[in-house]
Every structure is written in structure tokens, then in C-alpha cells.
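# have a look at this prediction, sequence included:
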Amino acid sequence: MKMCLYNVTTTIKIGGVETFYWEVANELSSRGYDVEIVSGKGKYIKYGNIPVKMFPYTSREKIFDLGNRFKKWGERISFFKNSYSYLKNQKYDFFLIHKPLDFFIAYFIKRISPDTKFVFVSGGEDFYGFDKYFAKYIDYFFAVSNDNAVKIEKRYTRKVKILPNGVNTEKFTPDDASRVFLRKKFSLENKKVIVSAGRVVGLKGYQLVIESLLELNDFYYVLIGNGEYIDQLKKLSDKIKVRDRVLFLGEIDNNDLSKYLNIGDIFVQPSIGNEAFGITIIEAMACNLPVVASRNGGMVDIVNEQINGQLFEVNNVDDMIKKIRWVYNNKQVYNSRRFVKDNYTWKKSVDILLENIS
């Protein structure tokens, strides 16, 4: 079986979608499957054993601004245009995509290779005006959570299987040595530490955690990641005079992320925009951190209040504060790592994929 994992950003940036592609490719390859990644020209190569084909594209920042969806659409058209001469000469059994914005590719590939099966794994929405037309060329529909599956089924009236993200539990693991070293490095010894990680945009809700520090005056906050909202968060922490208890670490290489997650006592994911899954949550859980997350999208599937953390109402700072204090004071009752090992590994994810397309 030959499978193409097609996504413009896989070698460009680090995020949940990109992690999915690398980890699924690595797991398939370890089982002897012929798999390759097709991506835009970039420098991020997570696993050197995976064949990667890279092609130029016009980034959305350079596309005429008629709205964000239009810019994303233009980016993907340019990528497909540049990769098509290669793709049309390949004989893939399966072609995996992650965005409805890429549905149109199935139409062109199937004209040349009608036996190629298209697999769509939804990690969000990104619907647009005529995705329903091209959806008929998609053979298999998956979603990363129950919440996301409901949205996909409603949009396309197709049967959707749940294919959750996973985590490498050998890579993401409790690490007392790194915890001690990094806490000393950042003067966090004997402190109560909240940690978050992800793309720093407004919809992630990190501003809520910073605001909560006014009441959580004995807690410190470590934010891992970068993005367009970072300056606003720094200004907010200055404005409300909590900057001395907020540590902005910027983007951390995924190979080192586990070490930095171990700084925390609690992982908080306060998203106010729809969160289809939340892969950093299970990465933190693999490090045995309990989680406090908003009752939002796919995070409801992941956070079990008896086993690994607590959920709070979206955009409700008071509820979040209450749950943070509860989890911190009762963190010894949680076993987040065991939950992840039992439910969210990449092996399990690939098992589900293969069972449903074979």
C-alpha cells in the first residue's frame, strides 16, 4: 500500500495538524507501509526516515486580501499547481488530506488515477462555498473528536468515524531532572506553576489565565508558544501588574517540549474558539500533568473529571480559577499518564485508520 500524506504546512511549522502527519507517517512506516509526505518547501523535518517531497507555493500573506478563507484557498491552489506534475505520475492507493480546502484535489487526481482512495481526517472546519461539491470525491471521512464529527456529518451528510490524535508516550513523559533544572533556571523553585502551550492567538484564550493571576496571586504562569497575539498578552500582563509572574518562553522545539511541560503543576487550555481536539492536552497528560480546560469542542472527550482534570465553562474566568485551585489541591488523585497510554497513542490512531480503510 502506498499512501500520500498531503498538507502544505507539514514542513513549514509545528502544530497539531503537522504533528498528526509526522506521527502517522512514522507509525505507518514502522509497520512497513510505503508512505510519503508531500508539503510546501520548509525546514522542519521531524523524522529523517520519512520520504518527503517539497514544492514551492504562494503563502497566504502574499495573496490579495479578500478574507482569510480566500487567502487560504489561494495558498492551496498555488501549492497544488506546483506539485501536480509530480503527483499525476504517482500511483497512490490512498491520499490523505486534512482540510476541506483540499477537496478539489481529489477531482483532479481521480481523473488520472480513479482507483486512488481519498481519506479526509478533519481537525477543524474551514468550510467554504463549494466544498460540498468536491466532497463527493472523498472516500473516507474521519474526525478527531465527537464534536467535530457532528459538524462534519451535518455539513456533508456522510458517515464519519472518530480518529483521535495520539501522543508519543516515550517522548512525552514525566521528567524530574528537567523539572528541577528548568525550575531553578527560571527561579520557579517551590512555586505553584500553571503551564500552557500552543499557537498564541486570541481564540486560544491565554489572556484568561493572565487575568486570573490577579486572584491566583500565589501562582506563576508559563506560556510556551508564539503567534500574533503575544504582544497583546505582554501588554495585558504589564497593565494588570502580573508580568513578574508570567514567563513567555516563545516557541520550543517539539523535541524539547516534554522537558518544558514538566515545569508545570497543572496544564491549562482555556480556548474560547472552537477546539476540535487539543493535542497539547494529551502531550501534557503524558507528562502526568492534570489538566484544566474549557468545556469546548473535542476537549470534552479528552478531559475526564475523575481521572485527569477538570472542565470549566468557556470564557468564565471565575469558574476557571475555581477549577485550577481544586486541581492543584487534589492533583495527587489524578493519573493523566495512564489515561493517555490507555486511550491516545499513535499506534491506536493508526490501528483505527487501517481498520476502516482496509
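That came in fine, so what should we check first?
# which strands and helices sit next to the helix or strand harbouring Phe141?
Element membership of Phe141, judged by DSSP states H and E, is strand 140-143. Counting contacts by 3 or more Cβ pairs under 8 Å, 6 or more residues apart in numbering; DSSP states H and E, strand 140-143 packs against strand 117-122, helix 146-156, strand 161-162, helix 346-357. In short, each C-beta sits where N, CA and C put it, glycine included.
# any residues touching that strand, and which ones?
By Cβ atoms under 8 Å, 6 or more residues apart in numbering, the surrounding residues in contact with strand 140-143 are 117-122, 149, 151-153, 156, 158-163, 276, 353, 356-357.
# likewise stretch 98-111?
By Cβ under 8 Å, 6+ apart, the residues outside stretch 98-111 that reach it are 6-7, 17, 20-21, 72-73, 76, 80, 84, 87-88, 92, 95, 97, 116, 118, 120-128, 131, 134-135, 137-138.
# buried ones among those?
Neighbour-count burial (16 or more other Cβ atoms under 10 Å) is assigned, among the contacts of stretch 98-111, to 6-7, 17, 20-21, 72-73, 76, 80, 87, 92, 95, 97, 116, 118, 120-124, 126, 128, 131, 134-135, 137-138.
# contact partners for the residue nearest to Glu215 when sequence neighbours are not counted?
Distances taken as Cβ to Cβ, 6 or more residues apart in numbering put Ile321 closest to Glu215, at 5.5 Å, once the chain neighbours are dropped. Going by Cβ under 8 Å, 6+ apart, Ile321 touches Ser212, Glu215, Leu216.
# I'd guessed the first one sits against Lys323; true?
No - checked against Cβ atoms under 8 Å, the pair Ser212 and Lys323 is beyond contact range at 10.4 Å.
# export the helix or strand containing Ala177 to CSV, keeping only CA atoms.
If you go by DSSP H and E, Ala177 is part of helix 176-185. What follows is helix 176-185, C-alpha atoms only, in CSV (Å, rounded to 0.1, in the frame of the first residue of the first chain):
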residue,chain,number,x,y,z
ASP,A,176,12.0,15.1,37.3
ALA,A,177,15.5,16.1,36.2
SER,A,178,14.3,18.6,33.6
ARG,A,179,11.7,19.9,36.1
VAL,A,180,14.3,20.6,38.7
PHE,A,181,16.8,22.1,36.3
LEU,A,182,14.3,24.4,34.5
ARG,A,183,12.5,25.5,37.6
LYS,A,184,15.9,26.5,39.0
LYS,A,185,16.8,28.2,35.7
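# just say helix, strand or coil for Ile281.
Following DSSP: H, G, I helix; E, B strand; the rest coil, we place Ile281 in the helix state.
# for it, what are its contacts?
Listed by Cβ under 8 Å, 6+ apart, the contact partners of Ile281 are Phe267, Gln269, Val291, Ala293, Met299, Ile302, Val303.
# between the residues you listed, which is nearest Leu182?
Relative to Leu182, the closest of those is Phe267; by Cβ to Cβ it sits at 15.1 Å.
# what does the model give Arg69 for pLDDT?
If you check Arg69, the pLDDT there is 65.
# Phe64 now?
Among the per-residue scores, Phe64 holds a pLDDT of 69.
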